[in-house]
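Q: Need a 3D model of the following:
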Amino acid sequence: MDKHAAVTSEGLEFLAGKARQAALQLQDIAHDHRVEALRSMARAIRVHSAEILRENALDCLDAKASGLGMSLYKRLELDEAKIEQMAVGLESVTALPDPVGVLQEKIELDSGLVLEKVSCPLGVLAIIFESRPDVVPQVVGLSVKSGNAVIFKGGSEALRSNRVLHHLLHEAGVQAGLPDGFACIVESREAVSALLQMDDSIDLIIPRGSNALVRSIMDSTRIPVLGHADGICTMYLDSQADHALAVRLVHDAKTQYPAVCNAIENLLVHCSRVDDLLPAVIQDLIDTGVEIRGDRDVCNLFPGVRAADEADWDTEYNDLILSVKIVDSLDEAIEFINLHGSGHTDAIVTGSDEAASRFVRRVDSSSVMVNASTRFADGYRYGKGAEIGISTNKTHARGPVGLEGLVIYKYVLRGEGQCVADYSGAHARSYTHRKIL
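A: Residues are numbered from 1 along each chain as shown. The predicted structure is shown next:
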């Protein structure tokens, strides 16, 4: 058992206290030292890849025996390429600018009295996710880079994988000068329930998983939650969509990796394209093994297609299944997306700048794609190095959340002995309120 994994309520309180102390120490660790720690972590993952794969193989064997669903199994299973991507993700974070200590605003209140708004870490993050062990280096890396401590819990099906990754990352970080307890792991639902009540120790909770998980956590805590809902993503093929481009983009957005939250679950096609474009799209998907569930018009055109029911439009399949609907207009497509989508990522394929602009303005999602696959909605692909999660909240962080979502700010007032009394009364001084930055 990892010494940084809590098994009792007393152990959890100790762990949270240790993370709090680590968070305070991290705020005083120079950026160069944090970067070197991340490089050490990347090296540790590469050096110990065989050990990681061995533990993951045991998790996969247990998952098969327990009948774990295919979409979750695909997220659980690691290979050399995924392990290398873990290391590359950590290294890419090192190249990003330091998000801590950034001067965001500077105002002269009076001569010799200057107010600064400066970015600073949030403190202690609690991150709860399902199945994917490759999330472990992402959350640890972004937490360290942003000066935060982290307590995380992965899915029970990835227990061995999460343990070995946590051990390697924590050991490498401490050896590079990070405080003991900067990254902690918990392994039970009871521990998560207890964490949700620790509003004096935890500053932000980030759940990564099903909508049920996110809702359950939001309903069970007073701690702020950075949540992302289901990934019910839709692609709309406009009347002016390029034929070859549309076929290619639908194929990528559905089949490239169907088990993730940025794969499309619904496809909308303008009625003017049912004769030339829709058959090519449907045939390409069927040839790839995708099950099509269509509305009445689609079923009339393609007799072998299964009829979609109302629940299908609101379902995140995470599998090779796609619901297809024919619409009469751009407005109908937008209305459908705002009604059935989850605010995650939606796309339009069109040759019309006017249609694209209207779609972008009116679709209420955290990422909107124009002539590009929804699969690009990812922190690494957005140049964030890695992502801590995807948020559909309308708060300080939305969409793929990287470093910018893990810092807050503080106000620093630098004076020369000024008192508030100097600015009141008959001979009061006046504020200049001169914006410097």
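Q: For A356, which non-adjacent residue is spatially closest?
A: Among residues not flanking A356 along the chain, V370 sits closest, at 4.6 Å (C-beta to C-beta, 6 or more residues apart in numbering). No exception for glycine: its C-beta is placed from N, CA and C like everyone else's.
Q: surely that neighbour meets R361?
A: No. Applying C-beta atoms under 8 Å, one finds V370 not in contact with R361, separated by 11.7 Å.
Q: So what pairs up with the residue nearest to A356 in the strands?
A: I348 (DSSP bridges).
Q: Low-confidence ranges, the protein, go.
A: 1-9, 131, 228-229, 385-386 (pLDDT under 70).
Q: domains for it, by residue range?
A: 5-226+388-410, 233-376 (automatic domain parsing).
Q: Could you export the ones you listed to a markdown table, including columns for distance to S430?
A: Below are those laid out as a markdown table (distance: least, C-beta to C-beta, whole Å):
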| stretch | distance to S430 |
| --- | --- |
| domain 5-226+388-410 | 8 |
| domain 233-376 | 43 |
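Q: got a markdown table for those, with mean neighbour count too?
A: Output for those, formatted as a markdown table (neighbours: other C-beta atoms under 10 Å):
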| stretch | mean neighbour count |
| --- | --- |
| domain 5-226+388-410 | 19 |
| domain 233-376 | 19 |
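Q: closest one to A426 among these?
A: For those, the distance to A426 is smallest for domain 5-226+388-410, at 17.7 Å, taking C-beta to C-beta.
Q: what distance separates that closest one from the middle of the whole chain?
A: 11 Å (C-alpha atoms, centre = their mean, to the nearest Å).
Q: hmm, back to that, and of the domains of the chain, who's closest to R434?
A: Per C-beta to C-beta, nearest to R434 of these: domain 5-226+388-410, 4.2 Å.
Q: what is the residue nearest the centre of the chain paired to in the beta sheet?
A: Geometric centre of the chain, nearest residue: G389, 1.5 Å, by C-alpha atoms, centre = their mean. Here G389 sits in beta bridges with V401, as judged by DSSP bridges.
Q: Touching, L268 and D238? I think so.
A: No. Contact criterion C-beta under 8 Å: L268 and D238 do not qualify, at 9.2 Å.
Q: intersection of neighbour lists for those two?
A: Common neighbours of L268 and D238 are listed as A333 (criterion: C-beta atoms under 8 Å, 6 or more residues apart in numbering).
Q: Next, the contact list for the residue nearest to the centre of the chain, please.
A: 127, 206-208, 226, 228, 401.
Q: at 7 Å instead, please
A: 206, 208, 226, 228, 401 (C-beta atoms under 7 Å, 6 or more residues apart in numbering).
Q: Tabulate those residues in a markdown table, adding columns for distance to G343.
A: Shown next, in a markdown table, are the contacts of G389 (distance: C-beta to C-beta, whole Å):
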| residue | distance to G343 |
| --- | --- |
| I206 | 17 |
| R208 | 16 |
| L226 | 14 |
| H228 | 9 |
| V401 | 14 |
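Q: Looking at those residues, which are in strands?
A: Per DSSP state E, strands hold the following members of the contacts of G389: 206, 208, 401.
Q: Can you lay out those residues as CSV showing distance to R189?
A: Formatted as CSV, the ones in strands among the contacts of G389 follow (distance: C-beta to C-beta, whole Å):
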residue, distance to R189
I206, 17
R208, 16
V401, 25
